[in-house]
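Chemist: structure for the following, please:
(one chain, ligands or ions: 2)
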Amino acid sequence: MSDASYRDAIFSTPLDRVARFSFDEKVVACFPDMIRRSVPGYGQILGMLSLIAQRHLRHGAHVYDLGCSLGASGLALAGALAPDAFRYTGVDLSPAMVTQARQTFADECPAYAMQVEEADIRTLEYAPSGMIILNFTLQFLPAADRDALLARLYAALEPGGVLILSEKTVDADERDNAWRVERYHDFKRANGYSDLEISQKRTALENVLVPDTLDALHGRLKQAGFPRSMTWFQYLNFASLIAFKEG
Ligand SMILES: Nc1ncnc2c1ncn2[C@@H]1O[C@H](C[S@+](CC[C@H]([NH3+])C(=O)[O-])CC(=O)[O-])[C@@H](O)[C@H]1O
Ligand SMILES: O=C(O)C(=O)Cc1ccccc1
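Modeler: Numbering: from 1, shown residues only. Ligands and ions are numbered 1, 2, ... in the order given. So this is what the prediction gives:
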């Protein structure tokens with residue numbers, strides 16, 4: 001069964017050497033469980049994405065979902081909007097994610113215009129769009145590539161378009177950061193992860209997921225050309241921002 005989803009147990013046994021985290025077949029097989037148990041507010045962010053789309057998208061506009069993984073944002077949009085309300089392009093670099101996302105759209109919403117491309121979002125040629133979603137993706141790019149991508153996305157947005165940027169964040173203040181990270185680990189423990197799983201995943205994500213501060217994220221958006229951005233959601237060290245291209 002291609003769309004079976006398993007409980008995330010990737011870091012549950014002691015590993016001699018913890019490899020860098022990667023979005024491979026093993027992660028794909030348990031990804032829905034992993035992201036739901038590891039990202040505070042993930043479901044609420046997806047729910048709000050479709051309400052934001054309903055308010056901001058002109059009828060028939062194009063939506064990009066960059067680093068779409070299994071296409072959860074696309075499914076949320078298709079669950080709330082009519083088939084002719086939008087056209088969707090999900091983009092991901094992981095072949096295993098792309099294969100599974102395509103299958104999910106074919107099974108779950110065949111009447112909708114849902115495309116999935118296997119590509120690097122840093123080099124893709126962008127078509128004009130009304131909404132661009134970066135749901136926990138920018139954090140995986142080398143820091144040096146982030147501003148250039150955001151500037152290209154600003155250019156691709158139509159006047160009146162919006163960018164949604166969800167990210168794990170870090171606090172500039174060390175004590176605040178320690179408190180938030182400790183409560184995040186409590187959140188993971190409450191969701192069934194052991195101390196070993198928490199610690200090995202933390203090692204696997206070192207230098208792979210490099211979080212910015214909220215201030216740095218707003219600064220990047222300004223630098224990219226966005227005259228206005230807001231943090232519309234925050235839960236511990238996870239946040240979602242909206243940036244507007246005035247039209
Ligand atoms: N350069 C790149 N180009 C394209 N894709 C990339 C690149 N780098 C990483 N990715 C892809 O970005 C995704 C990040 S997960 C997004 C969750 C999803 N948005 C969700 O709402 O479920 C975040 C997480 O797991 O925390 C992975 O699928 C990578 O393959
Ligand atoms: O689990 C973590 O520590 C996270 O930061 C969230 C996450 C979720 C899914 C893949 C990678 C990171």
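Chemist: can I assume Ile45 sits in a helix?
Modeler: Yes. Looking at Ile45 with DSSP: H, G, I helix; E, B strand; the rest coil, it is inside a helix.
Chemist: pretty sure it sits against Trp232.
Modeler: No. If you go by C-beta atoms under 8 Å, Ile45 and Trp232 don't touch, sitting 9.2 Å apart. Just so you know, the C-beta spots here come from the backbone N, C-alpha and C atoms, and that holds for glycine as well.
Chemist: common neighbours of the two, please.
Modeler: Ser240 (C-beta atoms under 8 Å, 6 or more residues apart in numbering).
Chemist: what about these two, which has more around it?
Modeler: Ile45 (25 against 14; other C-beta atoms under 10 Å).
Chemist: nearest residue to that one in space, ignoring adjacent ones along the chain?
Modeler: With sequence-adjacent residues excluded and distances taken as C-beta to C-beta, 6 or more residues apart in numbering, Ile45 is closest to Ser240, at 5.2 Å.
Chemist: pretty sure the one you found is in a helix, no?
Modeler: No. Ser240 is assigned strand when assessed by three-state DSSP, not a helix.
Chemist: all helices for the chain, in order.
Modeler: All helices of the chain, identified by DSSP state H, fall at 25-38, 42-56, 72-80, 95-108, 143-156, 174-190, 195-205, 214-224.
Chemist: to Met131, which of the ones you listed lies closest?
Modeler: Nearest to Met131, of all these, is helix 42-56, at 6.0 Å by C-beta to C-beta.
Chemist: residue numbers of the protein in contact with ligand 2?
Modeler: With C-beta under 6 Å from any ligand atom as the criterion, the chain meets ligand 2 at residues 34-35, 38-39, 168, 201, 205, 209.
Chemist: for stretch 101-108, output the C-alpha coordinates as CSV.
Modeler: What follows is stretch 101-108, C-alpha atoms only, in CSV (Å, rounded to 0.1, in the frame of the first residue of the first chain):
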residue,chain,number,x,y,z
ALA,A,101,2.4,13.6,-3.1
ARG,A,102,1.4,12.9,-6.7
GLN,A,103,-0.3,9.7,-5.7
THR,A,104,-2.2,11.4,-2.8
PHE,A,105,-3.5,14.2,-5.1
ALA,A,106,-4.6,11.6,-7.7
ASP,A,107,-6.4,9.6,-5.0
GLU,A,108,-7.8,12.4,-2.9
